[in-house]
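**Q** quick one, what's the 3D model for this:
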Amino acid sequence: MHPIHGVPVCKAVPASFLSRKLAGLATIAGLLAASALPAHAHGFVGQRFFPATLATDDPFVADELSLPTITSTRSNADGDTPATRQTSASFDFARRITPNFGLAFGANRLRIAPNGQPAAHGWDNISIGAKYQLYTNEVHETILSVGADWDVGGTGSSSVGAERFSTITPTVYFGKGFGDAAKETLRPFAVTGTLGVAIPSRASTTTVSVDPDTGLATTDVERHPHVLNVGFALQYSIPYLQSHVKDVGLGAPFNRMIPVVEFSMSKPLDRVDDRPFTGTINPGVLWAGQKIQLGLEAVIPMNSRSGHGVGFMAQLHFFLDDLFPGTFGHPMFGATR
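**A** Numbering: from 1, shown residues only. Got it, this is the predicted structure:
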């Protein structure tokens, strides 16, 4: 699901993307025409099943629930800032409105515990998302979607740093399986990814503080940049290997496992002087059943600017269309997928 699953690397703008280019009016027309093709149930394009990823959002419009996603990271001490453990417990719910359009809602409970200091508890800002499944090619196991995420300012707690301003993140999502590759060794691989720009509703925040001893006022201006967010997940599907390439004889539970490495990165584009890429690398494994999926990943800072402590993410994910086919087995409006 959404950037809520990820570890925030730039608190001013949540991690979750803007389309750079679509190649001409002819290409756009072709994509729109292809969007009318019938789609499969959650995660499938042709023979390829794309799992729900933890740190980056997947490209599908689906009926699904992540409850919970647990993330725990630890930052080392830096100058006057003590080492801090941050733990989050989030949930995300998505519902198909039409066969190719869906809405999502997410919330995230945070615990921030600096060494030697009281821990802060509270909700981060809620997130509301929309996604349209634009293009599907079953033969080449390819999917393209567009959407946007709204981080609703002022809905979270200031005790955990939830911003008072909102952020809108237009996003492009894609997925590509390599089942059409000439070499059999490549066919179990797939990649999904996201690209977007987070747009804050406020360019800066000004705070005024008064020194109780001198009575002098000090003005502080915090600038909120536009932020480029990039994420992708490299997957190796053991179910695809055994069903469509070569049965290597793996039994349960390994026959349903999908090893994955996710990359979640962000970079300020303006309004600040220091604009490095920061983010995390998340190696792990997913186990995908018919109705639920389990996921466990490490959270490793990609560079020194991203932090120093290694953490983890764990998720229990429900495929609602298979769990409750009478309620979620079809979109609210339009033909059944």
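
**Q** burial check on residue 269, number of neighbours?
**A** Residues within reach of residue 269, counting by other Cβ atoms under 10 Å, total 13. Bear in mind the C-beta positions are built from the backbone N, C-alpha and C, glycine included.

**Q** ugh, typo on my part, it should be residue 109
**A** Counted with other Cβ under 10 Å, residues neighbouring residue 109 total 17.

**Q** that one against residue 70, yeah?
**A** No: between residue 109 and residue 70 there is no contact under Cβ atoms under 8 Å: 10.3 Å.

**Q** joint contacts of the two?
**A** Shared contacts of residue 109 and residue 70 (Cβ atoms under 8 Å, 6 or more residues apart in numbering): 88, 89.

**Q** and the residue lying closest to residue 245 once chain neighbours are set aside, what's its pLDDT?
**A** Distances taken as Cβ to Cβ, 6 or more residues apart in numbering put residue 187 closest to residue 245, at 5.0 Å, once the chain neighbours are dropped. At residue 187, the model reports a pLDDT of 98.

**Q** neighbours around residue 187, how many?
**A** A count of neighbours around residue 187, defined by other Cβ under 10 Å, yields 22.

**Q** now it: how far from residue 237?
**A** Separation of residue 187 from residue 237 (Cβ to Cβ, to the nearest Å) stands at 9 Å.

**Q** also residue 327?
**A** Remark: distance between residue 327 and residue 237 (Cβ to Cβ) = 29 Å.

**Q** out of the two, which sits in the busier spot?
**A** residue 237 (28 against 10).

**Q** contacts only, for the more buried one.
**A** Listed by Cβ under 8 Å, 6+ apart, the contact set of residue 237 reads 48, 49, 188, 189, 190, 258.

**Q** buried stuff in stretch 231-247?
**A** Of the residues in stretch 231-247, 231, 232, 233, 235, 237, 238, 239, 240, 241, 242, 244 count as buried by neighbour count, 16 or more other Cβ atoms under 10 Å.

**Q** and which of those residues is nearest to residue 315?
**A** Nearest to residue 315, judged by Cβ to Cβ, of the buried residues of stretch 231-247 is residue 233 at 13.3 Å.

**Q** any idea of the mean pLDDT in the helix or strand that contains the closest one?
**A** Per DSSP states H and E: residue 233 is located in strand 227-236. The average pLDDT for strand 227-236 rounds to 98.

**Q** that one - contacts with which helices or strands?
**A** Judged by 3 or more Cβ pairs under 8 Å, 6 or more residues apart in numbering; DSSP states H and E, strand 227-236 is in contact with strand 189-200, strand 257-268.

**Q** and stretch 262-278, what's buried?
**A** Applying a neighbour-count criterion of 16+ other Cβ under 10 Å, one finds 262, 263, 264, 265, 266, 267, 268, 271, 278 buried in stretch 262-278.

**Q** and the residues you listed, which two are the farthest apart?
**A** Using Cβ to Cβ, the buried residues of stretch 262-278 span at most 28.0 Å, a distance reached by 262 and 271.

**Q** okay, the residue located most distally from the centre of the chain: pLDDT?
**A** Distance from the C-alpha centroid of the chain, by Cα atoms, centre = their mean, peaks at residue 214 (47.3 Å). Note for residue 214: predicted pLDDT of 83.

**Q** with residue 28 instead?
**A** According to the prediction, residue 28 has pLDDT 34.

**Q** ok, residue 193 next?
**A** Residue 193 carries a pLDDT value of 97.

**Q** gap between it and residue 230?
**A** Distance of residue 193 to residue 230, given as Cβ to Cβ: 8 Å.

**Q** what does residue 105 give?
**A** Distance from residue 105 to residue 230, by Cβ to Cβ: 24 Å.

**Q** hmm, back to that, can you redo the helices and strands packed on strand 227-236 as CSV with distance to residue 43?
**A** Shown next, in CSV, are the helices and strands packed on strand 227-236 (distance: least, Cβ to Cβ, whole Å):
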stretch, distance to residue 43
strand 189-200, 10
strand 257-268, 11
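
**Q** of residue 193 and residue 230, who's got more company?
**A** Neighbour count, other Cβ under 10 Å: between residue 193 and residue 230, residue 193 has more, with 22 against 18.

**Q** quick check: the gap between that one and residue 58.
**A** According to Cβ to Cβ, residue 193 and residue 58 sit 10 Å apart.

**Q** counting contacts, what elements does the helix or strand hosting residue 69 pack onto?
**A** Remark: residue 69 resides in strand 64-75, with elements defined by DSSP H and E. Under the contact criterion of 3+ Cβ pairs under 8 Å, 6+ apart, strand 64-75 touches strand 84-98, strand 311-319, helix 320-323.

**Q** mind listing the strands for the stretch 1-150 of the chain?
**A** Ranges of strands in the stretch 1-150 of the chain, per DSSP state E, counting those that start in this stretch, are 44-45, 48-49, 64-75, 84-98, 101-114, 120-123, 127-137, 142-151.
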